[in-house]
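Novice: Coordinates for the following, if possible.
(one chain, ligands or ions: 1)
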Amino acid sequence: MKEEMIKCAYAAMKNAYAPYSKFRVGACVLCYDGSMFYGTNVENASYGLTNCAERTAIFSAIANGKKKADIHSIAVVSESEHLITPCGACRQVFSECLDPNTVIYLSNGKKEAQFKVKDLLPYPFSSEDIQHV
Ligand code: THU
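Specialist: The predicted model follows:
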C-alpha cells in the first residue's frame, strides 16, 4: 500500500501551486477504509499563508468526515535531491490530528524513510496544556 500512496502523492504533486518557491510537494493520506485524500502545497503572495502538502491532505481527510482513528498513514513526496521531512507546523498538526503511532512515509523517488508522529514531534503542545485559571 505504501507504494500506491507514494504514487498517488506524486500525482497530487502535479497540482502544486508553488509559483514562489517552485518547490512542489505532494501528499496522500490513507484511511483504514481504503479511502485516500490528497494534498499539495498551496503558496500565497503573503508567504506565511502557504499551506504545506501534508497539512492540505490531512485537512482534506478531516473535511471529508474522517477522524484521527480513521487515518492509517500518510505519504509525503517531493522532487528534491534530499529527502525532505515535514516542517514544524506540519508536525504540530500531525500531533493534533493523527495518532502518535501513525506512520509518515517520505520519498523523493530515490530514497525513502518512515517515521512515527510521536518521533517527529516529541513533547507536543496539546489540548491538555491549555488550562484556564
Ligand atoms: N513544503 C511542503 O509542502 N511540505 C514540506 O514538508 C516542506 C515544505 C512546501 C512549502 C512551500 O510551498 C515549499 O515547500 C517551500 O518551502
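
Novice: Tell me the residues of the protein that contact the ligand?
Specialist: 18, 21, 23, 25, 41, 43, 50, 52-54, 76, 84, 86-87, 90 (Cβ under 6 Å from any ligand atom). Just so you know, the C-beta spots here come from the backbone N, C-alpha and C atoms, and that holds for glycine as well.

Novice: List only buried entries from the residues you listed.
Specialist: Ala18, Val25, Asn41, Glu43, Thr50, Cys52, Ala53, Glu54, Val76, Ile84, Pro86, Cys90 (16 or more other Cβ atoms under 10 Å).

Novice: Roughly how far does the nearest residue in space to Cys31 that is not next to it in sequence sit from Asp33?
Specialist: Leaving aside its chain neighbours, Cys31 sits nearest to Asp70 (4.8 Å; criterion: Cβ to Cβ, 6 or more residues apart in numbering). Taking Cβ to Cβ, to the nearest Å as the measure, Asp70 falls 7 Å from Asp33.

Novice: Those two: which is more packed in?
Specialist: Legend: neighbour count by other Cβ atoms under 10 Å for Asp70 and Asp33, higher for Asp70 (16 against 8).

Novice: ok, which stretches of the protein are strands?
Specialist: Under the criterion DSSP state E, the chain contains strands at 25-31, 36-40, 71-78, 103-107, 112-116.

Novice: Out of the ones you listed, which one sits most buried?
Specialist: strand 25-31 (a mean of 26; mean count of other Cβ atoms under 10 Å).

Novice: what's the nearest residue to the residue positioned nearest the centre of the chain if we skip its chain neighbours?
Specialist: Most central in the chain under Cα atoms, centre = their mean is Glu54, positioned 2.2 Å from the mean C-alpha point. In space, and not counting its chain neighbours, Glu54 is closest to Ala27: 4.3 Å by Cβ to Cβ, 6+ apart.

Novice: and if you look at Thr85?
Specialist: Thr85's closest residue in space is Leu106 (Cβ to Cβ, 6+ apart), at 6.4 Å.

Novice: which ones are touching the residue lying closest to Leu120 once chain neighbours are set aside?
Specialist: The spatial neighbour of Leu120 that comes closest, neighbours along the chain excluded (Cβ to Cβ, 6+ apart), is Arg91 at 4.9 Å. Contacts for Arg91 were tallied using Cβ atoms under 8 Å, 6 or more residues apart in numbering; they are Val117, Leu120, Leu121, Pro124.
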